[in-house]
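Participant: Predicted model and sequence below, questions to follow.
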Amino acid sequence: MPLSASLEQRLLPGVLSVPSDELLRWLHARNEPPYRVKQIRRWILLRRASSFEQMTDLPVRLRAELAAHFRVLGTELREVANTTDGTSKLLVGLVDGRAVECVLMRTEDRRTVCVSTQVGCAMGCVFCASGLEGVERNLEPYEILEQFLHATRLLGPQERLTHAVIMGMGEPLANLNNLLAALEVVCSRDGLGLSRRRVTISTVGLPAAIRRLADLGVQYHLAISLHAPTDTLRNQIVPVNRKVGVEELVAAGDYYFEKTGRQVTYEYVLLKGINDTIDCARRLAELLRGRSVHINLIPYNPVESLNFETPSPHRVRQFTDYLRSRGFVVHVRRTKGREISAACGQLRLRHKRGQAAASPHNATAQSASPGN
Ligand code: SF4
């Protein structure tokens with residue numbers, strides 16, 4: 001049976017998924033000069049083109065050929081959920097029918113995107129929707145890159161992304177090569193031109209990969225999702241800790257600081273009655289004592305079907321005050337998007353389970369994903 005035109009179109013590769021040398025050969029076979037690669041990429045990355053037809057400095061015949069062989073983007077924006085506080089949550093469809101989430105957050109002076117690096121997650125943090133069904137696969141570099149592009153296309157013509165956090169679905173350091181390849185484009189002058197210092201890679205803690213990243217000497221900001229100050233507690237809520245241990249993780253963080261000169265941030269999701277006690281704050285202060293680090297406290301953002309609760313504002317304040325009294329720089333991350341529900345991974349989960357409601361206002365958005 002012949003494929004329908006739209007299905008045929010969906011099966012075409014996105015042009016950014018094609019390696020440059022392969023695209024060069026493809027162009028060469030059509031007697032086109034090598035600089036066409038740059039032109040095409042500029043149109044997609046900088047000028048936000050959504051069709052080859054828009055690429056007006058390419059010959060008409062070439063535009064038609066491109067459209068017959070490729071799509072502009074290999075992923076598709078399936079849904080956008082907006083909140084009144086300027087957050088948009090995007091569900092990005094992949095060519096194999098799977099989907100990942102990314103989030104665009106707008107504040108007065110920042111346009112920040114939070115992207116995913118894997119479909120699902122193998123780390124199994126007990127409070128997180130992204131890890132509920134394990135990991136399905138790593139994202140390809142172009143699938144990571146295109147999340148930035150979908151977010152950029154929601155901005156006004158004069159707006160640019162200013163910051164990025166690699167904190168969506170998946171463990172970034174478990175897909176480090178593909179992440180670094182995507183960030184090369186994001187941070188290059190021919191790409192999106194984002195400063196590496198404004199990109200935060202957030203990890204639940206794979207010490208060997210942290211050290212590898214440190215040895216590369218790149219200036220990405222590192223955030224380590226600690227969530228508990230002792231092995232006993234961390235083993236329960238971040239199962240990967242059983243193979244790692246908090247001491248080894250903090251030592252890897254120290255190594256990153258030594259090698260890059262960049263202060264490490266420790267992320268700590270506050271779960272009511274579990275890790276939000278003053279005793280936990282005291283142990284956290286002991287663990288990080290003498291280090292020049294930032295601590296980000298994230299009051300838990302509830303996930304449907306998971307039995308964890310957000311601590312009271314009073315408890316969050318007590319925890320924060322204790323750490324500050326010990327000389328730490330502490331931020332409490334503001335949770336956005338409460339009115340359309342909660343945390344990382346839920347939009348995808350609802351789609352997967354066929355529960356996605358027709359209105360995007362029933363979907364989710366957040367800025368305080370416990371993802372990593
Ligand atoms: S919190 Fe991060 S590392 Fe943990 S399961 Fe969720 S996505 Fe994975």
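Facilitator: Right, received. Where do you want to start?

Participant: give me phi/psi at the residue nearest to M167 when sequence neighbours are not counted?
Facilitator: Excluding the flanking residues, the one nearest M167 by CB to CB, 6 or more residues apart in numbering is S202, at 4.1 Å. Heads up, the C-betas are built off the backbone N, CA and C, glycines and all. S202 has phi and psi values of phi -110, psi 120 when expressed as degrees, to the nearest 10.

Participant: where does E248 fall, phi/psi-wise?
Facilitator: Dihedral angles (degrees, to the nearest 10) for E248: phi -70, psi -40.

Participant: Same question for P239.
Facilitator: phi -50, psi -30.

Participant: quick one: it from the ligand, how far?
Facilitator: 9 Å (CB to the nearest ligand atom, to the nearest Å).

Participant: repeat for E22
Facilitator: For E22, the distance to the ligand - CB to the nearest ligand atom - is 32 Å.

Participant: Just give me the neighbour total for that residue.
Facilitator: Neighbour count of E22, defined by other CB atoms under 10 Å: 11.

Participant: And for the one 10 residues further on?
Facilitator: Burial of E32, expressed as a neighbour count using other CB under 10 Å, amounts to 19.

Participant: which ones are touching it?
Facilitator: E32 sits next to L62 when contact means CB atoms under 8 Å, 6 or more residues apart in numbering.

Participant: again, only this time at 10 Å
Facilitator: 24, 26, 39, 58-59, 61-62, 65-66 (CB atoms under 10 Å, 6 or more residues apart in numbering).

Participant: re the thing from before, quick check, pLDDT for the residue nearest to M167.
Facilitator: S202 is assigned 95 on the pLDDT scale.

Participant: and it, what are its bridge partners?
Facilitator: A223 (DSSP bridges).

Participant: can I assume it is in contact with I166?
Facilitator: Yes. When contacts are counted by CB atoms under 10 Å, S202 is listed as touching I166 (6.0 Å).

Participant: neighbour count winner among these two?
Facilitator: Ranked by neighbour count (other CB under 10 Å), S202 and I166 place I166 first, with 28 against 23.

Participant: What are the boundaries of the helices in the protein?
Facilitator: With DSSP state H as the criterion, the chain has helices at 5-11, 20-28, 35-45, 60-69, 141-152, 176-186, 207-216, 231-237, 246-260, 278-288, 313-325, 346-352.

Participant: Can you tell me which of those is packed in deepest?
Facilitator: When the helices of the chain are scored by mean count of other CB atoms under 10 Å, the highest mean neighbour count falls to helix 141-152 (a mean of 25).

Participant: For it, C-alpha coordinates in PDB please.
Facilitator: Output of helix 141-152 as PDB, limited to C-alpha atoms (Å, rounded to 0.1, in the frame of the first residue of the first chain):
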ATOM      1  CA  PRO A 141      22.500  15.300  19.400                       C
ATOM      2  CA  TYR A 142      19.900  16.800  17.000                       C
ATOM      3  CA  GLU A 143      17.000  15.800  19.200                       C
ATOM      4  CA  ILE A 144      18.600  17.700  22.100                       C
ATOM      5  CA  LEU A 145      19.500  20.600  19.900                       C
ATOM      6  CA  GLU A 146      16.000  20.900  18.400                       C
ATOM      7  CA  GLN A 147      14.400  21.300  21.800                       C
ATOM      8  CA  PHE A 148      16.300  24.600  22.000                       C
ATOM      9  CA  LEU A 149      15.000  25.500  18.500                       C
ATOM     10  CA  HIS A 150      11.400  24.700  19.400                       C
ATOM     11  CA  ALA A 151      11.700  26.900  22.500                       C
ATOM     12  CA  THR A 152      13.400  29.700  20.500                       C
END
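
Participant: Now do it: which elements does it pack against?
Facilitator: Counting contacts by 3 or more CB pairs under 10 Å, 6 or more residues apart in numbering; DSSP states H and E, helix 141-152 is packed against helix 35-45, strand 76-82, strand 87-93, strand 99-106, strand 111-114, strand 118-120, strand 163-166, helix 176-186.

Participant: which one of the ones you listed lies closest to the ligand?
Facilitator: strand 118-120 (8.0 Å; CB to the nearest ligand atom).

Participant: packing partners for that closest one?
Facilitator: Right, strand 118-120 is packed against strand 99-106, strand 135-138, helix 141-152, helix 346-352 by 3+ CB pairs under 10 Å, 6+ apart.

Participant: how about 7 Å then?
Facilitator: On a contact count with 3 or more CB pairs under 7 Å, 6 or more residues apart in numbering; DSSP states H and E, strand 118-120 meets strand 135-138.
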